[in-house]
Each structure stands twice: as structure tokens, then as C-alpha cells.
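Novice: build me a structure from this.
(chains A and B)
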Number of protein chains: 2
Amino acid sequence: MSLVFTPIESLPMVQPGDPLPELLLSALAAQGVRLADGDVLVVCQKVVSKSEGRVIELGRVTPSPAARALALTAGGKDPRVVELVLRETNRVVRAQRGIIIVETGPGWVCANAGVDESNSPAPNTAVLLPMDADLAAQRILAALQGRSGARIGVIISDTWGRPWRNGLVDFALGVAGIEPLLDWRGKTDLNGRELHHTVFAQADALAAAAGLLMKKDSGVAAVHVRGYQWQPSPQASGRALIRPANEDLFR
Amino acid sequence: MSLVFTPIESLPMVQPGDPLPELLLSALAAQGVRLADGDVLVVCQKVVSKSEGRVIELGRVTPSPAARALALTAGGKDPRVVELVLRETNRVVRAQRGIIIVETGPGWVCANAGVDESNSPAPNTAVLLPMDADLAAQRILAALQGRSGARIGVIISDTWGRPWRNGLVDFALGVAGIEPLLDWRGKTDLNGRELHHTVFAQADALAAAAGLLMKKDSGVAAVHVRGYQWQPSPQASGRALIRPANEDLFR
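Specialist: Predicted structure coming up:
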């Protein structure tokens, strides 16, 4: 069976306080998409953050001495943006050549704690990551399942760089309904031998795939997925994707 | 427009010396898939390596003292497998807790130089990465374009772990016909502001998406993609995805 990704085209520009689950329901309806069991909705982090009001006017940010120092170390970054980064940061992992890699409050390791100036709704503003991406995914799931009766999965995604490889791809941040990891350990390969080290990050793969339709200049902030086989999981959390610091050789 | 990923189901078990492009053509025909301009075919590295005879009997491998030492350092790995890893390696990046991260000859940074014991065609064998994944992609492209007349892209993929995140996803290794990176630098966001740091690793996103249909126990080794918008690029190479060592903060 084929796997079909459909961009949700008619989601309006989201403003602080907007009820995102309702906007998504309207956009799906406008496009004639009827949710069915097994569908997954991937939603870009940016619209979640905007609906939560996580949009900061840089003119109102006073950089601390630490932010000014780090802005210099990292090489010419806006100290006000670095101040926002530090407020979201547990620990700075690397800072040089214009790049600041940090561990965020929930434990994500990413550049600039996900603080982003592009596609923010006004000049001189920056958008922070959602307060709690799992909770945002759960709320969207509850609204969409409540209306449709379909058992679906919801993934909140963001676009991040990677060590070792050029270019950005989309990753899963918040997850509801679908397990982010599919664990094959103990299962066997086609030749009957046990599979090793085979935990598949299916939520990241779904987010990366949806990113093919969420190109930065497309305005697409949500993608509907049909045809992927998965098991419902009420306890799912995106945090399962965070490699614990003591098992991570690169922070 | 939707993006559709279709598993190629009828590819036989590939043996050393098998003409992979011909096998793919037959499998596409058996499934009634007619290639069209803009289609992309993602092919799992494993079948490329098998067709190239990159399957090594471990009984014929004599580990060097360096391989024995590294097997101990990494914690209980088979020294013969480590010997194969070292033969494919430029430089060891990390080795501990059963994990060996290396930089391979072409410059990929990955675990075990891509040497894999699961899904190898016989017990006590290991499969190496393709000799030249770009060349393999070019050969498949030439055969499929020659037969169909359609302008297509070909991606050779492999399943790798990542720093900071649990679980594996699929990445692009060899690429032909389609540019692996889509560079938006200098373009503007929806608000007319210049986009920064926005180079999209579209070949990795396509590989990750195809991976959703290439689950380890599925036996699917190729996926047909229709509906992705891209520009043909005769000079494309997967190596564009390798971050140069002097720009990489994590090796």
C-alpha cells in the first residue's frame, strides 16, 4: 500500500491566542480531508508557538552580560537573540563560528534552542519553541479525534541541522497517539537472525517526510499522512526521542 | 498535490553479480509502475552492496592487532567485524560502550563504517557499504531513464543513528539526477525577510520518508516517489551531504 502525504493548504496565518486545533479542523474540512483510523497529522512547531504567543519583540529584550559574552564567542550574533536562547537553555554544548548548540530545558540538543527569526510574524521578533510540544500535540489529537472519531497520531515538527551532514531536515518534537520509536530488538531479520540496534525513529521519519511539503517559502504548516502502519499509544511522548546525556557520545 | 511513496514489492533477493538496474526495472514493471518525469527511486544500500559482492565471510577475516585492540576498547565487539570496519575507515571519531563511530573513506561519519551483520545473506557474513554509492545511483538512473525516457532521480539510502536522538532513520548516501541539497539562502520568507541557514537536505528527507516503507522485517528494498517538486541536476552527488571536517563541531 502506498504512503500518501497531503499538504494542508488553507491554514490561515496563526496569531497569538488562536485556537490551533479548531483552525486545523477547519482547514482539513475546507480541503475535504476526512480523518480515518491510522492517519497522522504533522504540524510545524512555528504555528504551535505562534498560537501560544511565544513570539518575542526583540526591542523588549535586555541581554544579560552572559548573553553579550556568548554572542561575541559565537561570532556576531544579536545579543538579544542570544539572551532568548539562554533563557531556553540548560547547558551550552558548543559555541563558535556563528553557531550555538545547546541543550534545552526538556533536553533537546539543537542550534539556538530553536529560537528562530525567520517566518516570525513581524520584523524584529523571534519565535521560541512551544512551551510543551507534547501537550500541544495531545490537545490537537483530542480535538481532532473528538470531532472525527478516528484514531490518529499527531507530531509537532521543527527543522534542525545535524552534526556530520550538510543541510537541515525536520525532526519530531511533540508526539501524541503514536509511539515515536518502533523497537525491533529481539525480532529477527529475513534470515531469522536477531536484529541488533534496530530502534526505528518513526516519528522523526514522518516529520522529515512531511518537511518535503513544508518548504520554507510554501506556507504549508501541516501535512496529513495516510497509509503508514502503526499501533496507537496513549502514553506516547516526543521525549522518548531524546538520547539520555549519559548514553550520548557527542555532548 | 500529494506526495506518494510506493514500496517496490517484487524485487528478488539480490545476489553478488546480479544486474540491479535490470532487477529494478522488472520489479517496477511487475507492479505496473510506469516511470514519469519527476519520479524519484530510493534504493536501500544493502541490495546495492550485495549486487556488488560486498558481502564478506567473517571466517576469512583475520583481525589485525589494531582491530583486536579497538574491539576491546569499544567493549566486546567481534574483532573480525572491527577489522572490516577499520579497512573502511579514515579515522575513528569515538569508540566506547559498544559503539564505534568513524569517518569512512568518502567522508561519511557513521557507526561501524556502515558494516552490517543483520540482513546479510548468510550467517557469519557482513555487508559493507557500496564501493561508490553515487556511481551505483548513476547506473540505476541511466538504465531506468534509458528504458522509460523519464527524467528521474535516484537515491541510495542507509539506516543510521544520530547524536542526541534515540533511534535510527534513513539517510541518503548515493545520489543521481536530483540535487541532495536545496539552497534557499538569499530567498525570502513569507514576510519578505531573507531566510538564513536554510539549506534543505531534500535527499535525506526523501530517504527518511522511504525508510517508513523499508522497515527491517518488510523485505522492501526500493521505494518509488511521485509528486515531489525538484529540478534535474546531472552533476548531483551524495557527497554534497558530507559536512566538511573543518565546519563540523562534532568530530
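
Novice: tally of neighbours for the residue nearest to residue A:34 when sequence neighbours are not counted?
Specialist: Leaving aside its chain neighbours, residue A:34 sits nearest to residue A:148 (7.2 Å; criterion: CB to CB, 6 or more residues apart in numbering or on different chains). Using the backbone N, CA and C atoms, a C-beta is placed for each residue, glycine as well. Residue A:148: 17 surrounding residues under other CB atoms under 10 Å in any protein chain shown.

Novice: ok, residue A:148 touching residue A:35?
Specialist: Yes: counting by CB atoms under 8 Å, residue A:148 touches residue A:35, with 4.0 Å between them.

Novice: quick one: residue A:95 is in a helix?
Specialist: No: per DSSP: H, G, I helix; E, B strand; the rest coil, residue A:95 lies outside any helix segment and is strand.

Novice: what residues are up against the residue lying closest to it once chain neighbours are set aside?
Specialist: Leaving aside its chain neighbours, residue A:95 sits nearest to residue A:74 (4.7 Å; criterion: CB to CB, 6+ apart). Residue A:74 makes contact with A:82, A:95, A:96, A:97, A:98, A:99, A:100 under the criterion CB atoms under 8 Å, 6 or more residues apart in numbering or on different chains.

Novice: can you give me the pLDDT of residue A:74?
Specialist: On the pLDDT scale, residue A:74 is placed at 86.

Novice: with residue A:194 instead?
Specialist: pLDDT, read off for residue A:194, is 62.

Novice: what does residue A:134 give?
Specialist: On the pLDDT scale, residue A:134 gets 98.

Novice: quick check: it touching residue A:174?
Specialist: Yes: checked against CB under 8 Å, the pair residue A:134 and residue A:174 is within contact range at 4.6 Å.

Novice: ok, these two, which is more surrounded?
Specialist: Higher neighbour count among residue A:134 and residue A:174: residue A:174, with 30 against 19, using other CB under 10 Å.

Novice: okay, and the common contacts of residue A:134 and residue A:174?
Specialist: By CB under 8 Å, 6+ apart, the residues touching both residue A:134 and residue A:174 are residue A:238.

Novice: distance of the residue nearest to residue A:34 from residue A:36?
Specialist: 8 Å (CB to CB, to the nearest Å).

Novice: and for residue A:138?
Specialist: Applying CB to CB to residue A:138 and residue A:36 gives a distance of 20 Å.

Novice: which one of these two has more residues nearby?
Specialist: Between residue A:138 and residue A:36, counted using other CB under 10 Å, residue A:138 has the larger neighbour count: 19 against 12.

Novice: where's the more buried one, which helix or strand?
Specialist: Element membership for residue A:138 (DSSP states H and E) is helix A:133-148.

Novice: where along the stretch 101-250 of chain A do the helices fall?
Specialist: According to DSSP state H, counting those that start in this stretch, the stretch 101-250 of chain A carries its helices in the segments A:133-148, A:202-211.

Novice: okay, the ones you listed, which one's buried deepest?
Specialist: Of all the helices of the stretch 101-250 of chain A, helix A:202-211 carries the top mean neighbour count, a mean of 30, counting by mean count of other CB atoms under 10 Å in any protein chain shown.

Novice: got a list of what the nearest residue to residue A:21 once chain neighbours are set aside touches?
Specialist: Leaving aside its chain neighbours, residue A:21 sits nearest to residue A:143 (3.3 Å; criterion: CB to CB, 6+ apart). Contacts for residue A:143 (CB under 8 Å, 6+ apart) come out as A:21, A:22, A:24, A:25.

Novice: the first one contacts residue A:136, doesn't it?
Specialist: Think residue A:21. No: between residue A:21 and residue A:136 there is no contact under CB under 8 Å: 9.2 Å.

Novice: tally of neighbours for residue A:31?
Specialist: Residue A:31 has 14 neighbours, counted by other CB under 10 Å.

Novice: same check, this time on residue A:219
Specialist: If we define neighbours as other CB under 10 Å, then residue A:219 has 14 of them.

Novice: then residue A:123?
Specialist: A count of neighbours around residue A:123, defined by other CB under 10 Å, yields 11.

Novice: quick check: phi and psi at it.
Specialist: Torsion angles at residue A:123 (phi, psi; degrees, to the nearest 10) stand at phi -60, psi 150.

Novice: which parts of stretch A:104-117 are buried?
Specialist: The neighbour-count check on stretch A:104-117 (16 or more other CB atoms under 10 Å in any protein chain shown) flags A:104, A:106, A:108, A:109, A:110, A:111, A:112, A:113, A:114, A:115, A:116, A:117 as buried.

Novice: what's the spacing between the third one and chain B?
Specialist: Taking CB to the nearest CB, to the nearest Å as the criterion, residue A:108 is separated from chain B by 8 Å.

Novice: the residue lying closest to that residue once chain neighbours are set aside pairs with what?
Specialist: Excluding its sequence neighbours, the residue lying closest to residue A:108 (CB to CB, 6+ apart) is residue A:242, at 6.4 Å. Using DSSP bridges, the bridge partners assigned to residue A:242 are residue B:165.

Novice: and residue A:242, what pLDDT?
Specialist: pLDDT, residue A:242: 97.

Novice: hang on, it packs against residue A:107?
Specialist: Yes: counting by CB under 8 Å, residue A:242 does reach residue A:107; the two are 4.4 Å apart.

Novice: that older thread, same list, the helices of the stretch 101-250 of chain A, but as CSV with distance to residue B:57 please.
Specialist: What follows is the helices of the stretch 101-250 of chain A, written out as CSV (distance: least, CB to CB, whole Å):
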stretch, distance to residue B:57
helix A:133-148, 47
helix A:202-211, 33
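
Novice: from the contacts of residue A:74, pick the one nearest residue A:233.
Specialist: Using CB to CB, residue A:100 comes nearest to residue A:233 of the contacts of residue A:74, at 34.1 Å.

Novice: neighbours of the closest one, how many?
Specialist: Neighbours of residue A:100 (other CB under 10 Å): 26.

Novice: tell me if it really is in a strand.
Specialist: Yes: according to three-state DSSP, residue A:100 belongs to a strand.

Novice: tell me how far the residue nearest to it when sequence neighbours are not counted lies from chain B.
Specialist: Leaving aside its sequence neighbours, residue A:100 sits nearest to residue A:74 (CB to CB, 6+ apart; 4.9 Å). Per CB to the nearest CB, residue A:74 is found 11 Å from chain B.

Novice: so for whichever residue of the stretch 51-200 of chain A sits closest to chain B, what's the pLDDT?
Specialist: At 3.0 Å from chain B, residue A:167 is the closest residue in the stretch 51-200 of chain A, using CB to the nearest CB. Here the pLDDT value assigned to residue A:167 is 97.
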